[in-house]
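A.B. asks: Can you look at this prediction? I've put the sequence above it.
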Amino acid sequence: MLGPCSPDMVTDLLDDPLAPLPVRTSGIPVADLSRALVARGHRVSVTALNADVRDQTTYQGPSFEITLVPQRPTPRSRIKDQFRVERERMADVVRGQRPDLVHAHWTYEYELAAQRAAITHVTTVHDVPLSVLRHVPDAYRLARAAMAYRARLGMRRVSAVSRYTADHWRRGMLYRGPVTVIPNMLPTPFGPTLRRPCAVPTLLDVADSSPLKNISTLLDVFATVRRRIPEAQLRLVGPGLDSGSELAYRCRRRGIRGVTFLGRLDRSALRQEMDGAWLLTHLSREESCPMVVLEAHASGLPVLAGAHAGGTPDLLDDGRAGTLVDLHRGQAIAQAIIELIQNDPPSQAPGTTRWISDTFSPHKVAESYLRWYGDSG
């Protein structure tokens, strides 16, 4: 595997899970797929970039290892040569491992490193670079889109995490090869739970402060909800959503009460937030296969999200496993939330648990990948 993966996500696969490891709490898809493949008797090696190590470091387990490759400290230093230094280091690691197959996740530095390693590889696309650039139009995203276009030329066997992502790679990115749709799997640490909703109506969103995640709209909507349900609470988790952030300042300046900015949380704390919330209000403008929705599913937390937000409707079974709303109609969003929380904590729709298990279980997704690996020769 070539892709983002934080060592703290895979301690159960290592010889010494108590060893001090760099903590990033990122790379859930790579970590969970690795875990599922190891459980089926395969040996998995992960190579990932990490900003917290100065020297290349490898942690090992019985059938698993993760090698952390240092990356330069700032996005600007890395993007000016399209991660050339990091790509060459990762390619050297992969060649030394002599794997049967390389699986590159994302279509930027990890895909280009897989191509440089010159070993049979497959690629999973996790996003749509042009859509990201449209919502966050800055020089860094422009350079990332250019990397993806460059990587496209060397991609031979491709999977995508949603129909939306596959369609946009065929159209916007002009990729002409076959694309197999295999979604992300339910996150392993989020198993079945007995939920304990808070005493008052509590909304939760896990996002960041970028325009893509649309937190400003959520705050506008919540102000309307509070006028109808004064005791309602909104809790925001993620980078750029701490109490000292610009969004928190603007929220206080507007006098919107009942909003708690929590910032980054570890997975244990996030699990507690999901156990206590009444509803996940995920108003992101566009996503390929958002992990937070899968985490909510696994926690039994009902979800409200955008009806045209990329691949998100796929995760809600086109509205049968959650509530879909038009993100351009703030009053309609507020009304939908009010109807869901005005009496008691809402429940997932009947049949949702079975559908989630049949579609996103680790067993189901891992088997889909293994078939795809076989088809890839």
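C.D. replies: Arrived safely.
A.B. asks: tell me the SS of Val46?
C.D. replies: Secondary structure, DSSP: H, G, I helix; E, B strand; the rest coil: Val46 is strand.
A.B. asks: Please shift the residue numbers so they start at 40 in all later answers.
C.D. replies: New numbering, starting at 40: the last item is Val85.
A.B. asks: tally of neighbours for Ser65?
C.D. replies: The tally of other residues near Ser65 (other Cβ atoms under 10 Å) stands at 14. For the C-beta atoms, the positions are set from N, CA and C on the backbone; glycine is no exception.
A.B. asks: thought it was touching Ser45?
C.D. replies: Yes: at 4.9 Å, Ser65 counts as touching Ser45 under the criterion of Cβ atoms under 8 Å.
A.B. asks: Point out where the stretch 140-289 of the chain drops to low pLDDT.
C.D. replies: 228-233 (pLDDT under 70).
A.B. asks: quick one: the helices in it?
C.D. replies: Along the stretch 140-289 of the chain, counting by DSSP state H, counting those that start in this stretch, helices occupy 148-156, 168-174, 178-191, 202-210, 254-267, 285-293.
A.B. asks: Now for Val404: which residues touch it?
C.D. replies: Val404 is in contact with 72, 75, 221-224, counting by Cβ atoms under 8 Å, 6 or more residues apart in numbering.
A.B. asks: please redo it, this time with the cut-off set to 6 Å
C.D. replies: Met224 (Cβ atoms under 6 Å, 6 or more residues apart in numbering).
A.B. asks: Report the secondary structure state of it.
C.D. replies: Under three-state DSSP, the three-state class of Val404 is helix.
A.B. asks: For Leu225, see how far away it is.
C.D. replies: Separation of Val404 from Leu225 (Cβ to Cβ, to the nearest Å): 8 Å.
A.B. asks: Taking the centroid of this protein, which residue is nearest it?
C.D. replies: The residue lying closest to the centre of the chain (Cα atoms, centre = their mean) is Met330, at 4.1 Å.
A.B. asks: which one is it nearest to, not counting chain neighbours?
C.D. replies: With sequence-adjacent residues excluded and distances taken as Cβ to Cβ, 6 or more residues apart in numbering, Met330 is closest to Ile67, at 5.3 Å.
A.B. asks: Mind checking the helices of the stretch 140-289 of the chain for the one nearest to His321?
C.D. replies: helix 254-267 (8.9 Å; Cβ to Cβ).
A.B. asks: list the buried ones in that closest one?
C.D. replies: Within helix 254-267, the residues that count as buried by 16 or more other Cβ atoms under 10 Å are 254, 256-258, 260-265.
A.B. asks: okay if I get those residues as JSON lines plus distance to Val364?
C.D. replies: Conversion of these to JSON lines gives the following (distance: Cβ to Cβ, whole Å):
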{"residue": "Ile254", "distance to Val364": "16"}
{"residue": "Thr256", "distance to Val364": "11"}
{"residue": "Leu257", "distance to Val364": "11"}
{"residue": "Leu258", "distance to Val364": "16"}
{"residue": "Val260", "distance to Val364": "9"}
{"residue": "Phe261", "distance to Val364": "14"}
{"residue": "Ala262", "distance to Val364": "16"}
{"residue": "Thr263", "distance to Val364": "13"}
{"residue": "Val264", "distance to Val364": "13"}
{"residue": "Arg265", "distance to Val364": "18"}
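A.B. asks: Alright, calling it a day.
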